[in-house]
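Asks: Would you be able to build a 3D model of this:
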Amino acid sequence: MNFGLIIVGDEILSGKRQDKHLAKVIELLGARGLSLAWARYVGDDRERMTATLREAFATRDVVFSCGGIGATPDDHTRQAAAAALGVPLLLHPEAKALIQERMRDVAAEQGTPYEPDRPDNVHRLNMGVFPEGAAIIPNPYNKIPGFSVGDVHFVPGFPVMAHPMIEALLDGRYAALHGSHRQVEQSVIVFGGMEATLTPLMEAVEQEHPGVKVFSLPSVDHPQYGRHIELGVKGAAALVPAAYERLLSALRGMALTLGPEMVR
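Replies: This is a model prediction of the structure:
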């Protein structure tokens with residue numbers, strides 16, 4: 001299964017806030033021998049979000065969507081998810097109980113009576129209104145849950161909440177996948193080469209070694225190597241050595257200067 005990430009919010013696209021989800025999700029996946037196949041940023045536009053989520057639901061990917069599940073006018077994720085699925089929004093009974101528990105906790109902390117029928121408390125229940133058929137994702141930070149529909153999981157935009165929720169899903173529901181994306185890389189620094197000249201070799205290596213990807217990372221101002229290309233292969237540990245030797249052997253026969261070799 002592939003993993004995808006959707007990051008929601010005008011504040012990310014405008015630069016008011018820096019995204020903290022992409023790097024962290026890559027880290028969480030990598031620590032478990034998994035990898036991120038794709039990521040998308042989308043603003044607080046319900047129509048665009050609906051289209052993005054409709055595509056996510058149509059895949060067989062595990063998708064984490066961060067942000068927009070609150071109950072203010074600029075939060076559209078819950079509504080867009082329901083529209084993408086073509087199902088109604090319903091107050092989830094477990095979510096309702098958790099939100100009410102949180103409101104009781106807050107009242108006790110503030111030394112005020114808990115008033116469930118107070119308008120602001122009634123409004124807070126909207127945070128538990130999810131697409132029909134959704135399951136809750138527990139939130140260890142403040143008990144206000146996220147929700148899942150199939151393998152698409154919706155968590156808050158706050159990293160302090162989102163990241164533990166994603167981690168719990170990875171270590172629970174997807175524990176059996178750990179290690180299934182683990183890859184190794186072997187590469188060499190190439191001086192004096194051009195990507196256009198090296199492309200036929202790269203294509204030949206991929207064709208001759210199914211399951212291996214060849215990559216080229218050019219640099220024009222590297223602090224150590226200056227202008228160069230890092231050329232290498234990546235894939236399952238059993239497949240990489242032969243493909244890399246094929247690549248390296250061909251490079252040695254070309255009018256190029258080869259630098260350090262790397263294994264990751």
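Asks: tell me the contacts of Gln100?
Replies: Pro116, Leu125 (CB atoms under 8 Å, 6 or more residues apart in numbering). From N, CA and C alone the C-beta is placed, and that goes for glycine too.
Asks: First-to-last residue distance for stretch 164-181?
Replies: 21 Å (CA to CA, to the nearest Å).
Asks: mind listing what's buried in that stretch?
Replies: Of the residues in stretch 164-181, Pro164, Met165, Ile166, Leu169, Leu170, Tyr174, Leu177, His181 count as buried by neighbour count, 16 or more other CB atoms under 10 Å.
Asks: Please look at the fourth one and Ile137 and confirm they touch.
Replies: Pointing back at Leu169 there. Yes - between Leu169 and Ile137 there is a contact at 6.9 Å, judged by CB atoms under 8 Å.
Asks: Between the buried residues of stretch 164-181, which has the least confident prediction?
Replies: Of all the buried residues of stretch 164-181, His181 has the smallest pLDDT value, namely 92.
Asks: Which strands or helices does the helix or strand hosting Thr197 pack on?
Replies: Per DSSP states H and E: Thr197 is located in helix 195-208. Using 3 or more CB pairs under 8 Å, 6 or more residues apart in numbering; DSSP states H and E, the elements in contact with helix 195-208 are strand 213-222, strand 226-235, helix 240-252.
Asks: Now the element after the longest helix anywhere in the chain, going C-ward?
Replies: As assigned by DSSP state H, the longest helix anywhere in the chain is helix 93-110. Counting by DSSP H and E, the next helix or strand C-terminal to helix 93-110 is helix 119-124.
Asks: Name the residues that touch that following helix?
Replies: Applying CB under 8 Å, 6+ apart, the set of residues contacting helix 119-124 is Ala71, Ile99, Met103, Glu115, Pro116.
Asks: quick one: buried residues of that helix?
Replies: Asn121, Arg124.
Asks: Could you give the average pLDDT over it?
Replies: 95.
Asks: Quick one: end-to-end length of stretch 79-96, please.
Replies: By CA to CA, one end of stretch 79-96 lies 17 Å from the other end.
Asks: same thing with stretch 84-99?
Replies: End-to-end span of stretch 84-99 (CA to CA): 25 Å.
Asks: distance between it and the chain's centre?
Replies: Distance, stretch centre to chain centre, for stretch 84-99: 24 Å (CA atoms, centre = their mean, to the nearest Å).
Asks: Ok, stretch 102-109 next?
Replies: Worked out by CA atoms, centre = their mean, stretch 102-109 lies 33 Å from the chain centre.
Asks: buried sites along it?
Replies: Those would be Arg102, Met103, Ala107, for stretch 102-109 by 16+ other CB under 10 Å.
Asks: pLDDT weak spots in the stretch 1-150 of the chain?
Replies: Counting by pLDDT under 70, not a single residue of the stretch 1-150 of the chain qualifies.
Asks: residue ranges for the helices of it, please.
Replies: 10-14, 21-30, 46-58, 77-85, 93-110, 119-124 (DSSP state H, counting those that start in this stretch).
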